[in-house]
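S.K.: okay, structure incoming, though there's no sequence with it:
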């Protein structure tokens, strides 16, 4: 009789506790390195990626790249694929749709969000999310204007807002800040402008939706300690810091990890930055401490002795290498409480 009572008690406790368990979800970001289709678009400068150019970018290579990118995305989150994914360097909505339709990603039933940006090269950012994980979705694109250079055109910041499964509001700001072409000192002011725009968007969200979870993700072309990220965007490198934005990728960079390789050294220029309200252990949307990482399994890495361990990229200049991307994907986990 005593054994039966204990079993009944344990069963009752499990039944009561199960709904209270947090659901873990994965947020990821991936710079996919020039995902262009093979069709000439006269509105943008896409001539580099066409069949009759030096790079000989054709349907066979395009389809192979889609399959490879799908392989990477599907391998995230222990082979289940991320629940939320920011993308950089996509040409248009068509290539994002083609990616979402890949065989390896069909189970995830990804829905995508894309807005054309004014970038001269025609590369945009996009966002994908697993069906059912985000509802009442709305989006807009924020234009980056430089008053000192009114003709300057780069990627917009894509703002995606929706309701998570536990009823909490979430915002995803997908970024691809201006590159370091021309050198760090010359190009830095452009990234500082991008950081200021991202900060202003974040501050506006906090006024209207102070309890919302906010994720600022993307290729920022700067590291966590650079002025644009640390001072202008005002991110903290420690959970106990004073800012309302926390960058978990700072600690990874300190350990020598990175999402790209430059001059034979890792650099961590891809980030997922979280609002500080996700650090509270009682929060309904909580960052899982220590879950941030760089996704670099062996199949994504160069085997050539000279570049061994580097991201296996699609092109090196005009030379086709047949790889995945010049960036590794990054990720972190969040926990949802009911």
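M.R.: Perfect, thanks for sending it. Because the structure is a prediction, the values reported are computed rather than measured.

S.K.: low-scoring stretches of the stretch 151-300 of the chain, by residue?
M.R.: Scanning the stretch 151-300 of the chain for pLDDT under 70 picks out the ranges 239-242.

S.K.: also the stretch 1-150 of the chain?
M.R.: For the stretch 1-150 of the chain, applying pLDDT under 70 flags the ranges 1-21.

S.K.: which parts of it are strands?
M.R.: 23-35, 84-90, 110-114, 124-130, 135-142 (DSSP state E, counting those that start in this stretch).

S.K.: longest helix in this structure, by number of residues?
M.R.: helix 184-208 (DSSP state H).

S.K.: okay, the angle between that helix and strand 135-142?
M.R.: 140 degrees (axes from the mean of the first three to the mean of the last three C-alpha atoms, to 10 degrees).

S.K.: following helix 184-208, which helix or strand comes up?
M.R.: With elements assigned by DSSP states H and E, the helix or strand that comes after helix 184-208 is strand 213-219.

S.K.: can you tell me which helices and strands that following strand packs against?
M.R.: For strand 213-219, the packing partners by 3 or more C-beta pairs under 8 Å, 6 or more residues apart in numbering; DSSP states H and E come out as strand 23-35, strand 84-90, strand 169-176, helix 184-208, strand 270-275. Every C-beta, even on glycine, is put in place using the N, C-alpha and C of the backbone.

S.K.: need the winner for burial among the ones you listed.
M.R.: Highest mean neighbour count among the helices and strands packed on strand 213-219 (mean count of other C-beta atoms under 10 Å): strand 84-90, with a mean of 27.

S.K.: what's the angle from that strand to strand 110-114?
M.R.: Strand 84-90 runs at 50 degrees relative to strand 110-114, counting by the same axes, to 10 degrees.

S.K.: now do strand 84-90: distance to the chain's middle.
M.R.: Relative to its chain's centre, strand 84-90 lies at 6 Å (C-alpha atoms, centre = their mean, to the nearest Å).

S.K.: and the contacts of it?
M.R.: Contacts to strand 84-90, defined as C-beta atoms under 8 Å, 6 or more residues apart in numbering, come from residues 25-35, 73, 96, 99, 110, 114, 123-130, 133-134, 155, 172, 174, 176, 215, 217-219, 272, 327.

S.K.: from residue 129, how far off is residue 102?
M.R.: Remark: distance between residue 102 and residue 129 (C-beta to C-beta, to the nearest Å) = 16 Å.

S.K.: with neighbour numbers in mind, choose between those two.
M.R.: Counting neighbours by other C-beta atoms under 10 Å for residue 102 and for residue 129 shows that residue 129 has the greater number, 24 against 19.

S.K.: Provide a list of residues in contact with that one.
M.R.: Contacts of residue 129 by C-beta under 8 Å, 6+ apart are 83, 84, 85, 110, 111, 113, 137, 160, 162.

S.K.: if you rank those by neighbours, which is first?
M.R.: Of those, with other C-beta under 10 Å as the count, residue 85 tops at 29 neighbours.

S.K.: for it, give the beta-bridge partners.
M.R.: In this structure, residue 85 bridges to residue 28, residue 128 when assessed by DSSP bridges.

S.K.: separation between it and residue 330?
M.R.: Separation of residue 85 from residue 330 (C-beta to C-beta): 11 Å.

S.K.: what residues are shared contacts of those two?
M.R.: 28, 29, 30.

S.K.: residue 295 is in contact with residue 76, isn't it?
M.R.: Yes: taking C-beta atoms under 8 Å as the definition, residue 295 is a contact partner of residue 76 at 5.8 Å.

S.K.: find residues that contact each of these two.
M.R.: Residues touching both residue 295 and residue 76 by C-beta under 8 Å, 6+ apart: 28, 329, 331.

S.K.: the helix or strand that contains the last one - contacts with which helices or strands?
M.R.: It refers to residue 331. Using DSSP H and E, residue 331 sits within strand 329-336. Applying 3+ C-beta pairs under 8 Å, 6+ apart, one finds that strand 329-336 makes contact with strand 23-35, helix 59-79, strand 270-275, strand 285-287, strand 293-295.

S.K.: quick check: buried residues in the last one?
M.R.: Buried positions in strand 293-295, judged by neighbour count with 16 or more other C-beta atoms under 10 Å: 293, 294, 295.

S.K.: closest to residue 186 out of these?
M.R.: residue 294 (28.1 Å; C-beta to C-beta).

S.K.: can you pull the contacts of that closest one?
M.R.: Listed by C-beta under 8 Å, 6+ apart, the contact set of residue 294 reads 252, 257, 258, 259, 268, 328, 329, 330.
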